[in-house]
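S.K.: sequence and predicted structure, then a few things I'm wondering about:
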Amino acid sequence: RKTAPLPEDIRAAKGGTPLVSLTAYTTPMARMMDGHCDFVLVGDSVGMVLHGLPSTLGVTLEMMIMHGQAVARGLDKSMLVIDMPFGSYEESPTQAFRSAARIMRETGAAAIKLEGGQHMAETIAFLVARGIPVMAHIGLTPQSINTLGGYKVQGRDGQAGALLADARAVTEAGAFSVVLEKVPAALADQITAEIAIPTIGIGASAGCDGQILVVDDMLGLFTTFKPKFVKRYAEFGTAGEEAIKTYATEVRARSFPAPEHTFADKAPGK
Ligand code: KIV
Ligand code: NA
């Protein structure tokens, strides 16, 4: 990509070459993926991945804005989307607008993402009507972990109809795309075929209109557990620990710093 797409370009990518996206939380990580991804998401997964929180529920609007600003500084050719954190939008459409406007104003993001299907449709329509492009997120919605009862595959056991209804509701409400998290592949394909906006899969299906992964997961940086749907494209966590062990050995042996890492006295005559 040469320039960042707009939410309407993402919408128009329905049925075409799959959309590529990853999460990012820092400027250097954003720079690494700029132009290789169609859009970059500052996910509220930041709480678990970078801050060591047990779930995404402890993430605040301030955290999302701070990481959003960092990622914005690293992006030029990929569109920026920022997650609405738990508690910042569920209460009412007006609360959602206030929070989303702050995110957009303070980070320059092109769009926000929020979790929820039918029950969030009114809020999505309210935001879109007031100039805020919305990416929806249905299926496994980690902010509802306490009522869902675990990080289980969604849309099984007779729940496929409800998930389809969620997908239709966010489409009708005006979302420009929708994340499908942890749903059976055949159901993801069915939803993708039935709705007019791009589906972005994570633990869904290669038939979705796009894919997203948590970048630390796919780089092997976040190694405490690996969900089935993550493919590790690198093992940076292991490589990093090896490097740290070598550094520790060299410092204890006084072989680091070597002469080339140290400064001599000022050369005479200079
Ligand atoms: O927070 C996040 O990283 C997400 C993606 C996994 C879709 O919501
Ligand atoms: Na999220």
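M.R.: Perfect, thanks for sending it. Ligands and ions are numbered 1, 2, ... in the order given.
S.K.: quick one: the helices in this protein, in order.
M.R.: According to DSSP state H, the chain carries its helices in the segments 7-12, 27-33, 46-49, 61-74, 93-107, 121-129, 145-148, 160-173, 185-194, 215-218, 236-252.
S.K.: out of the ones you listed, which gets nearest to ligand 2?
M.R.: Ligand 2 lies closest to helix 46-49 among these, at 8.7 Å (C-beta to the ion). Using the backbone N, CA and C atoms, a C-beta is placed for each residue, glycine as well.
S.K.: need the helices of the chain in TSV (columns: mean pLDDT).
M.R.: Shown next, in TSV, are the helices of the chain (pLDDT from 0 to 100):
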stretch	mean pLDDT
helix 7-12	98
helix 27-33	98
helix 46-49	97
helix 61-74	98
helix 93-107	98
helix 121-129	99
helix 145-148	96
helix 160-173	98
helix 185-194	98
helix 215-218	97
helix 236-252	97
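S.K.: adding mean neighbour count and distance to ligand 1, write those helices out as JSON lines.
M.R.: Output for those, formatted as JSON lines (neighbours: other C-beta atoms under 10 Å; distance: least, C-beta to the nearest ligand atom, whole Å):
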{"stretch": "helix 7-12", "mean neighbour count": "17", "distance to ligand 1": "14"}
{"stretch": "helix 27-33", "mean neighbour count": "17", "distance to ligand 1": "13"}
{"stretch": "helix 46-49", "mean neighbour count": "23", "distance to ligand 1": "7"}
{"stretch": "helix 61-74", "mean neighbour count": "20", "distance to ligand 1": "10"}
{"stretch": "helix 93-107", "mean neighbour count": "18", "distance to ligand 1": "14"}
{"stretch": "helix 121-129", "mean neighbour count": "20", "distance to ligand 1": "16"}
{"stretch": "helix 145-148", "mean neighbour count": "12", "distance to ligand 1": "12"}
{"stretch": "helix 160-173", "mean neighbour count": "19", "distance to ligand 1": "14"}
{"stretch": "helix 185-194", "mean neighbour count": "18", "distance to ligand 1": "14"}
{"stretch": "helix 215-218", "mean neighbour count": "22", "distance to ligand 1": "9"}
{"stretch": "helix 236-252", "mean neighbour count": "12", "distance to ligand 1": "18"}
